[in-house]
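Student: Sequence and predicted model, in that order:
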Amino acid sequence: MSRRKVTSLGAATLASTTPTDLVTGPADAAGTPPAGIGYFGRFGVDQRMIRAALAEALSHGGEYADLFFQHRVENRYVLEDGSVNRALTTVELGVGVRVVKGDQTGYGFTEDLTHEGVKLAARTAAAIADGPARPLPREFHAIADLPSRYSVKVRWEDVRPEKKLPLLTGLNEKTFAADPRVKKVNVTFADEASVVMIADSTGRIVEDAQPMTLLYLSCVAEEHGKREQNVYGVAGRSDIGFYTPERLDRVVREAVSRTTILFEAVQAPAGEMPVVLAAGSSGILLHEAIGHGMEADFNRKNVSIYSDKIGKPVARPFVNIVDEGTQGEARGALNVDDEGNAVGKTLLVQDGVLATYLHDAISAKHYGVKPTGNGRRESYQYAPMPRMRSTYMLPGPHKRDEIIASVKNGLYCTNFSNGQVQIGAGDFTFYVKNGYLIEDGRLTRPIKDVNIIGNGPKVLEKIDMVSDDLVIDEGGWTCGKDGQSVPVSQGIPTVRVASITVGGRNERS
Amino acid sequence: VSANASPELFAVAERCAGTARTKGASAVAARAYKVRDVTVQWRDGRLEQINEATTRGVGLQLYVDGRYAAVTSSDLRPEALDTFIGDSVAMTRTLAVDPFRSLPDPSLYAGQAGIDLGIDDPAYPTVTPEARRRLARELEDAARAVKGAEAILSVTTGFSDNRSESVRVHSNGFEGARVETSFWTSAQVSVKDADGRRPEDWAAAGVRFLAELPPAAVVGEEAAERALGRLGAMKAESGILPMVLENRAAGLLLGHLMGSLGGQSLQQKRSFLEGRRGQAIGSEGLTVTDDPLLLKGFGSRLYDAEGIAAHPLKVFEGGVLRNYYVDTYYGKKLKMAPTTGGSSNITWKLGGKSAAELVAGVGNGIQVTGFLGGNSNGTTGDFSLGVQGFRIRNGRIAEPVAEMNISGNHLELWKRLVAVGNDPYPYSSSRTPTLVFDGVQFAGR
């Protein structure tokens, strides 16, 4: 309940496109949709529907209302035992109606995009308030100047399955060819075309087409009767051009090496020790140790460990932590958030001082600040709340080699599968799939499968070295909060945590 | 036995199955569903959020020219569905032929238990908005009435009710319907600790029949007492100690073990339990049955996700692994008879002692009340999980511990299961009692 998780790859519920023309088809026979209603005109959505639904939504004294229309087509193709022998397609079409009064929210949704269906959902949401009806704006206007961040030349709905399937079979062949110890290969490829339209009681109408793709490769290897398995995955708001030969080669190389190195791996020890986190997916530390605790809904409710720390030093002066949604190809990138607000860059920690919470419209109003573009939701079935986008740490003054050399006995962690945090107590964990022991300043034996547990503010204080080698991870991270999953990105330069509890094993005496 | 699903759901499923056949599918399984969900969230003296909606959709498993795809849609406009199904059949033709794909053998549909599972409360429509708010308020009032409540920073409570109807139609003869209701109360309490931390804990209760909900006061009080119990939690020293695992947390650990019993894991060489049927995996105390016919259970069902008639399945018996979870597809690949592809209710052969008696029997150890993250490697059986709970000293619950971790391998851990409680957790399909393990590796200070 109070716990927020992030998982990579396997947990992602993504997917993609059939050769259907549902997504791309022209406006229906009724003719050109009225101004401001672009894409959703084909489903019978018009200004009259929007106006009637918002009027119903505000009929009981709500201060603000919005409609979130969504059409999402996801396709997932799976290769197992040498062939692409299954596909999974999901089509979602619906609208969510939200009514806000102060910090209070009423929410309803429907898949029935008729005037009556949408109005009924609005009537349900309206019940959060109790008072006289509020007026609607005279005019609705479309926001036309959204940034265009996603790197898409060819829309997924225009790519036939015949173009995608060779990606999977090619990876399968290369993976088996890479190492004779490989015994099983699974590849999952997903693409997604989602179009959203937000219409609100201030008269704004915003539309955004949000692509996504994801690919992951799981590999099982055998050596001397022992089996090991690992995965590597990539994801982004991109098109089929995302899958360059270099990227595909990297997927194979990483999946195989992350698996086969486990034959040499030993158990990490148990207890407190220095831990060096490699550049890239170690950004999971930031997501759990500070990101969730900075989501302003927890703070307006006074239940986050960061609730009274804005403006206070929380880390060394060379620690700067950012959450942003503007990195084009990143899985966490957005042109606009799910409340129709602009998405930019938010500084969580500036020069070691706690700077800004991540806001949705409700928390921004509560604190009297501008929304930060962090209002996100899983789909039209959910009310938005503050969520991360791409969370990372800026480069620092140290060098990677210098950081590793500084550790007498500790761990160097390179790959992770999942993490979790308790917002109020601040305790968090992240699970290490690959890494090395550090002995006398050198990487020695590989390690595997160990959970690391710490306390957010205490660990921030203990980050005492930050390298200059920032990497934003290309993996398919999915963040879960209150039952809603959203795609996110994360990154970090190489950092040292002076001491943290490693959940390994010691020798039994 | 036929559940009270609405006839229009059958009509939608049958229409979809017919369209798929017309468009070229040689076989098809169609599912249609309608779910009504209402949730009221209450925080610190007033409503925080209400959510109310009815969702619906269809799902189709398509078998086309020896190829297979599974598709779902919430766009039920007839002309859109026709286009969607036609396009999906065409897409399926682009895939590789898979000789192992088929609907289940129809003989497996026969023999459904002719019983009422007790999962559909006829009183469902009588829940009123006022009753939901009253329950949510009572939960908070109870939480704020406990001793030590002045340390409480915030209380969030909730009431939710749900009614779900689904029907399933297969082109080789299966037809089934399922209607179920559930009602949940929950409370989450945050408290102020000395050093700026705001530890939180929760309590919840869920039932199939509204009239069987425990009093809101019980759940509210439990949440507050649990949260207050977290005050001053510290990590203890690393060491190898006995672990008393609370019933509500134990299902997660068992889930990690059972996650490696699935047909896909076995066939894809990702299971450390492959080839171990008939072998001792745990101690004598590990006796676990998958029981789909449990009255009022959250996992109760007359047929499984493939339409196969549901029967109790022995999973572990006196520590010995008896059965895997195998569906039609992986059964063919593995040359094994299908059991069922997914778990229903997990039930245990219970021991004779209460949680308190089990704690008293452990002189010095740690009671684990919850997990925080971590994972388990299904291929090797290695696990490492964050934990919180209490030290046990001289057979009594002592100071709270947090920011700790347990680790090991499932093949060793379950042989160290030394006692099983008499207290199955009632609010989950995994009805796990308190479990006691010897010699568990804890990491902390």
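Tutor: Cool, the structure landed. Everything quoted here is computed from the prediction, not taken from an experiment.
Student: ok, residue 428 - contacts?
Tutor: In the absence of a named chain, chain A is used. A:Phe428 makes contacts with A:288-289, A:419-422, A:453-456, A:459, B:372-373, as judged by CB atoms under 8 Å, 6 or more residues apart in numbering or on different chains. C-betas here are computed from N, CA, C, even on glycine.
Student: hm, I was asking about chain B
Tutor: Shown in contact with B:Ser428 (CB under 8 Å, 6+ apart): B:248, B:251, B:298.
Student: wait, is it part of a helix?
Tutor: No - read with DSSP: H, G, I helix; E, B strand; the rest coil, B:Ser428 is coil and lies in no helix.
Student: Could you give the bridge partners of the one residue in chain A that gets nearest to chain B?
Tutor: Nearest residue of chain A to chain B (CB to the nearest CB) works out as A:Gly503 at 2.8 Å. Beta-bridge pairing of A:Gly503 under DSSP bridges involves A:Ala270.
Student: how near is it to A:Leu79?
Tutor: A:Gly503 is 34 Å from A:Leu79, where distance means CB to CB, to the nearest Å.
Student: do the same with B:Phe174
Tutor: For B:Phe174, the distance to A:Leu79 equals 29 Å [CB to CB].
Student: Likewise for B:Ser283?
Tutor: Distance, B:Ser283 to A:Leu79, using CB to CB: 40 Å.
Student: ok, those two, which is more surrounded?
Tutor: Higher neighbour count among B:Ser283 and A:Leu79: A:Leu79, with 22 against 18, using other CB atoms under 10 Å in any protein chain shown.
Student: Next up, the contacts around the more buried one.
Tutor: Applying CB under 8 Å, 6+ apart, the residues contacting A:Leu79 are A:85, A:168-169, A:171-172, A:185-189.
Student: Also within reach of chain B: list those from those.
Tutor: For chain B, the contacts drawn from the contacts of A:Leu79 by CB under 8 Å from any CB of the partner chain are A:85, A:186.
Student: rewinding a little: out of the contacts of B:Ser428, which comes closest to B:Gly206?
Tutor: Closest to B:Gly206 out of those is B:Phe298 (7.1 Å), distances taken as CB to CB.
Student: Can you check the pLDDT for the residue lying closest to that closest one once chain neighbours are set aside?
Tutor: Closest residue to B:Phe298 apart from its sequence neighbours, by CB to CB, 6 or more residues apart in numbering or on different chains: B:Ser429 at 4.1 Å. Note on B:Ser429: pLDDT of 98.
Student: Close to chain A: what parts of the stretch 201-350 of chain B are there?
Tutor: Counting by CB under 8 Å from any CB, the stretch 201-350 of chain B comes close to chain A at B:201-202, B:204, B:230, B:233, B:235, B:238, B:240, B:268-270, B:333.
Student: what do you get if the cut-off is 10 Å, keeping everything else the same?
Tutor: Residues of the stretch 201-350 of chain B found near chain A (CB under 10 Å from any CB of the partner chain) are B:201-204, B:223, B:227, B:230, B:233, B:235, B:237-240, B:264-265, B:267-272, B:274, B:329, B:333.
Student: Give me the subset of these that lies in helices.
Tutor: Assigned to helices by DSSP state H, the following of those qualify: B:223, B:227, B:264-265, B:267, B:329, B:333.
Student: mind listing the helices in the chain by residue range?
Tutor: Defaulting to chain A. Taking DSSP H as the test, the helices found in chain A are A:47-57, A:115-126, A:161-178, A:245-260, A:284-286, A:296-300, A:361-367, A:400-405, A:456-462.
Student: that's the wrong chain, I wanted chain B
Tutor: Using DSSP H, helices in chain B cover B:7-23, B:78-92, B:129-144, B:216-229, B:247-258, B:263-267, B:328-334, B:355-361, B:410-413.
Student: JSON lines for these, including mean pLDDT and mean neighbour count?
Tutor: Below are the helices of chain B laid out as JSON lines (pLDDT from 0 to 100; neighbours: other CB atoms under 10 Å in any protein chain shown):
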{"stretch": "helix B:7-23", "mean pLDDT": "96", "mean neighbour count": "18"}
{"stretch": "helix B:78-92", "mean pLDDT": "96", "mean neighbour count": "20"}
{"stretch": "helix B:129-144", "mean pLDDT": "96", "mean neighbour count": "20"}
{"stretch": "helix B:216-229", "mean pLDDT": "98", "mean neighbour count": "22"}
{"stretch": "helix B:247-258", "mean pLDDT": "98", "mean neighbour count": "21"}
{"stretch": "helix B:263-267", "mean pLDDT": "98", "mean neighbour count": "22"}
{"stretch": "helix B:328-334", "mean pLDDT": "98", "mean neighbour count": "20"}
{"stretch": "helix B:355-361", "mean pLDDT": "97", "mean neighbour count": "18"}
{"stretch": "helix B:410-413", "mean pLDDT": "98", "mean neighbour count": "20"}
